[in-house]
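**Student:** From the sequence below, what's the structure:
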Amino acid sequence: MRIQSLFFAIAVWICLAVPSSPAFGQAGPFAFQIRSGFTRPLAGFRDPLHGWEGGSKAGPTLGMGFTFPLYRGIGGYMGFSQHRFGCDKAVCPEGKYWTDTGFDLAIRVVMGKGVLRSWVQGGLHTHRMEGKITGADGAEKLKSEGGGGYEVGGGFLLSIGERTSLAPGVRYGLGNVPFDNLPTLGVRFLVFDIGLVLGF
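**Tutor:** Residues are numbered from 1 along each chain as shown. Okay, here's the model as predicted:
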């Protein structure tokens, strides 16, 4: 919750600090956004060839990033996100979260004009997962050796002011996360979130 408060405090500060402009928040793809919502694992990370954690659950997600113009309604996106996945107590001590931190590099397309527009986005997403599992000698802390995959999705942009929009959306993520002494963890998940977008 402290991270969420910090992210939204940054967004509010930017809203107040950036001067008003007639073109602010219009159809141009250059913008800053902060997002919050929840993740939903698919198949519980139980793929017998790629996964070993088992029993994963939904958890919170946070992210922030920038879009910049490439061509007309097409923009590039660079961002940071942290997804958390719940874990059964039988696998993780006290049911602690798996924390998946990563960076995004994607293409974002904004379509339409007016108050309500649509967007689609797809690109690369890195993974660095941390968590604890119950081992033979008790709780064992694990940290991945990196990992990569992609996220694709879309949603809507709803203008709520001259320079701000809300952006609800859903994304599908896929990745393979290697560990030192354990099989690769295959992560498949959905992200349901909403963003506060500041265009300029």
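**Student:** In contact with the residue nearest to the spatial centre of the chain, which residues?
**Tutor:** The centroid of the chain falls nearest to Ser81 when counting by Cα atoms, centre = their mean (4.4 Å). Neighbouring residues of Ser81 by Cβ atoms under 8 Å, 6 or more residues apart in numbering: Arg35, Thr61, Leu62, Gly63, Met64, Gly65, Thr101, Gly102, Phe103, Asp104, His125. For every residue, glycine as well, the C-beta is placed using N, CA and C.
**Student:** Would you confirm that the second one contacts Gln82?
**Tutor:** Yes: the pair Thr61 and Gln82 qualifies as a contact (Cβ atoms under 8 Å) at a distance of 6.8 Å.
**Student:** between those two, who's got more neighbours?
**Tutor:** Neighbours per residue (other Cβ atoms under 10 Å) separate Thr61 from Gln82, with Thr61 holding more: 22 against 16.
**Student:** what's across from the more buried one in the sheet?
**Tutor:** With DSSP bridges as the criterion, Thr61 is bridged to Gly37, His83.
**Student:** what ranges do the strands span in this protein?
**Tutor:** 31-41, 56-57, 59-71, 74-87, 98-111, 116-126, 128-135, 138-143, 148-159, 164-177, 185-199 (DSSP state E).
**Student:** got TSV for these, with mean pLDDT too?
**Tutor:** Shown next, in TSV, are those (pLDDT from 0 to 100):
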stretch	mean pLDDT
strand 31-41	93
strand 56-57	77
strand 59-71	92
strand 74-87	90
strand 98-111	91
strand 116-126	93
strand 128-135	77
strand 138-143	74
strand 148-159	94
strand 164-177	92
strand 185-199	91
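**Student:** For PyMOL, what selects the buried ones among the contacts of Ser81?
**Tutor:** Listed next is the PyMOL selection for buried residues among these, using 16 or more other Cβ atoms under 10 Å:
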select buried, resi 35+61+62+63+64+65+102+104+125
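**Student:** Which single one of the contacts of Ser81 is nearest to Leu142?
**Tutor:** When the contacts of Ser81 are compared for distance to Leu142 (Cβ to Cβ), Thr101 wins out at 13.9 Å.
**Student:** thought that closest one was touching Lys143?
**Tutor:** No: counting by Cβ under 8 Å, Thr101 stays clear of Lys143, with 10.5 Å between them.
**Student:** How about the contacts made by Leu116?
**Tutor:** Phe156, Leu157, Leu158, Ser159.
**Student:** Among the contacts of Ser81, which one lies nearest to Lys89?
**Tutor:** Of the contacts of Ser81, the one sitting nearest to Lys89 (Cβ to Cβ) turns out to be Thr61, at 21.9 Å.
**Student:** these two touch, right, Gly86 and Arg40?
**Tutor:** No: counting by Cβ under 8 Å, Gly86 does not reach Arg40; the two are 10.2 Å apart.
**Student:** Common neighbours of these two, please.
**Tutor:** Joint contacts of Gly86 and Arg40 (Cβ under 8 Å, 6+ apart) are Ala58.
**Student:** quick one: the residue nearest to the centre of the chain from Gly65, how far?
**Tutor:** 8 Å (Cβ to Cβ, to the nearest Å).
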